[in-house]
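Student: Give me the fold of what follows.
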Amino acid sequence: MMSLLSSYKMGDLTFRNRMVMAPMTRCRAIEGNVPGPLTVTYYTQRASAGLIITEGSQVSTQGVGFNRTPGIYSPEQVAGWKKVTAAVHQAGGTIFLQLWHVGRMSHPDYLSGEIPVAPSAIPVQEEIHTPTGKDKIPVPRALSSGEIPGIVHQFGQAAKNAREAGFDGVEIHGANGYLLDQFLRDGSNRRTDTYGGSLKNRMRFPLEVARAVTGEWGARRVGYRISPHFSVHGMSDTDPAGTFSCFAKELDRIGVGYIHLVEPVGGRLGVTAPDALIAPLIRGKFNGTLMLNGGYDASNGNGVIESGLADLISFGVLFLANPDLPDRFGRHASLNREDTSTFYTGEEKGYTDYPALGTGIREPVRVREKNRFLNHIASLEKER
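Tutor: Numbering: from 1, shown residues only. Predicted structure coming up:
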């Protein structure tokens, strides 16, 4: 019987289990947005995951939007990531790099005084942390059509750099209101050229990026992350089910290895329509691996794997606080409690100091209850 702890084959890769460490921004990069020694320790501690997906790493200086987040565009960054991948591989792990461009979710302080870019000059009514404190996000500058091929090239070069750094593959960050998501969804893309308007046009830039990245890696070593329900950072779409199921079909044509779908369990994380599950639609349009993310625990994660709705489940906070999460799930052990105050600051505190089993266990976190997610899946099965 399939479970979170059973192995999984994706193309020519075999994952030791179906538990994926989700990409999580941790803001611990050192000078030059380089992953440092603590980053090596952090990922190596979690090498028992079937697959590690790193925190988002900028494909260019224009893609930066947060303090101390790593990149993959400079020789120093590549060298820093080489140390991470070598250590993870020595520990028996598999690791993908997430490719990232924040688009309008930035500030001139990160961009040498330049205005953040976006598909359209639509403001985001939010503040952002800058190197000098909180400030309002400025109205972005709409990219010209002539600039877009250059960003596509940046993604392709970043994918090439990731291969040089020793990664096993890459994930394209097309979720959470960042640049590729901004182009795809009609609430943030009001263009009237070939990159806006119709869904076909709005998909054009994200698909050009997908082709550039798969051209460097081979399609099966590439994943793509989406978040159809995400409604923070001014994001919206008039038909998320139609938009993302059609986009999944196009990713299937390209042949990407997996889609990483953020669909929060129980209506969390800004979901606007928690009962309108998109996972079954994606499953019907996409023949590759489907990975789900969104507040899973051992119980409902196993349930979704057993149902066949997903092949892999990614865990964020649980992997952050429990470096040996697969072992804990296998032994039905208690879990470390996450320290939210150190998610984005603290150096080793809240980063590399979470203990493994047998080294002094912190207070267990409450196991999340089963919820209507699996009941809804069961009802969908009955309706077929």
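Student: what comes up buried for stretch 231-251?
Tutor: 231, 233-235, 237, 240, 243-248, 250-251 (16 or more other Cβ atoms under 10 Å). To be clear about C-beta, it is placed using only N, CA and C from the backbone, and glycine gets the same treatment.
Student: I meant to write stretch 178-189 there.
Tutor: In stretch 178-189, counting by 16+ other Cβ under 10 Å, buried: 178, 179, 180, 181, 182, 183, 184, 185, 186, 187, 188, 189.
Student: any idea which helix or strand carries residue 223?
Tutor: Assigned by DSSP states H and E, residue 223 belongs to strand 222-226.
Student: Just checking: what are the partner strands of that strand?
Tutor: strand 169-173 (parallel), strand 258-262 (parallel) (DSSP bridges).
Student: Could you give the secondary structure assignment for residue 314?
Tutor: The three-state label given to residue 314 by DSSP: H, G, I helix; E, B strand; the rest coil is strand.
Student: and the gap between it and residue 325?
Tutor: Applying Cβ to Cβ, to the nearest Å, the value for residue 314 to residue 325 is 11 Å.
Student: shared neighbours of those two, anything?
Tutor: Common neighbours of residue 314 and residue 325 (criterion: Cβ atoms under 8 Å, 6 or more residues apart in numbering): residue 19.
Student: Settle it for me: which of these two has more neighbours?
Tutor: residue 314 (28 against 25; other Cβ atoms under 10 Å).
Student: Helix or strand next in line after the strand holding residue 223, which one?
Tutor: Next along the chain after strand 222-226, taking DSSP H and E as the criterion, comes helix 240-254.
Student: CA atoms only for that next one, dumped as CSV, please.
Tutor: Output of helix 240-254 as CSV, limited to C-alpha atoms (Å, rounded to 0.1, in the frame of the first residue of the first chain):
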residue,chain,number,x,y,z
PRO,A,240,-8.8,30.1,-11.1
ALA,A,241,-10.1,26.6,-12.0
GLY,A,242,-10.1,27.3,-15.7
THR,A,243,-6.8,29.2,-15.6
PHE,A,244,-4.8,26.7,-13.8
SER,A,245,-6.2,23.5,-15.3
CYS,A,246,-5.5,24.9,-18.7
PHE,A,247,-2.0,25.9,-17.6
ALA,A,248,-1.4,22.4,-16.2
LYS,A,249,-2.3,21.0,-19.6
GLU,A,250,0.3,23.2,-21.3
LEU,A,251,2.9,22.2,-18.7
ASP,A,252,2.0,18.6,-19.5
ARG,A,253,2.7,19.3,-23.2
ILE,A,254,6.2,20.6,-22.3
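Student: what residues does it touch?
Tutor: Under Cβ under 8 Å, 6+ apart, the answer for helix 240-254 is 184-186, 199, 202-203, 206-207, 210-211, 214, 219, 224, 226, 228-229, 237, 259, 273, 276, 278, 281-282, 284-288.
Student: Selection in ChimeraX covering whichever of those are buried, please.
Tutor: Buried residues among these (16+ other Cβ under 10 Å), as a ChimeraX selection:
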select :184,185,186,199,202,203,206,207,210,214,219,224,226,228,229,237,259,278,281,282,285,286,288
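Student: wait, is residue 276 part of a helix?
Tutor: No. With three-state DSSP as the criterion, residue 276 is located in coil rather than a helix.
Student: who's in contact with it?
Tutor: Counted by Cβ under 8 Å, 6+ apart, residue 276 has contacts 240, 241.
Student: Now do it against residue 219, distance only.
Tutor: 29 Å.
Student: Next: residue 21.
Tutor: From residue 21 to residue 219 the distance is 22 Å (Cβ to Cβ).
Student: and what of residue 309?
Tutor: In this view, residue 309 and residue 219 are 23 Å apart by Cβ to Cβ.
Student: now residue 46
Tutor: In terms of Cβ to Cβ, residue 46 sits 26 Å off from residue 219.
Student: likewise residue 176?
Tutor: On the measure of Cβ to Cβ, residue 176 and residue 219 end up 23 Å apart.
Student: neighbours around the closest residue to residue 86 other than its chain neighbours, how many?
Tutor: Nearest non-adjacent residue to residue 86, counting by Cβ to Cβ, 6 or more residues apart in numbering: residue 166, 6.3 Å away. Residues near residue 166, counting by other Cβ under 10 Å, number 17.
Student: what's the answer for the one 5 residues further on, then?
Tutor: The local packing count at residue 171 equals 30, with neighbours defined by other Cβ under 10 Å.
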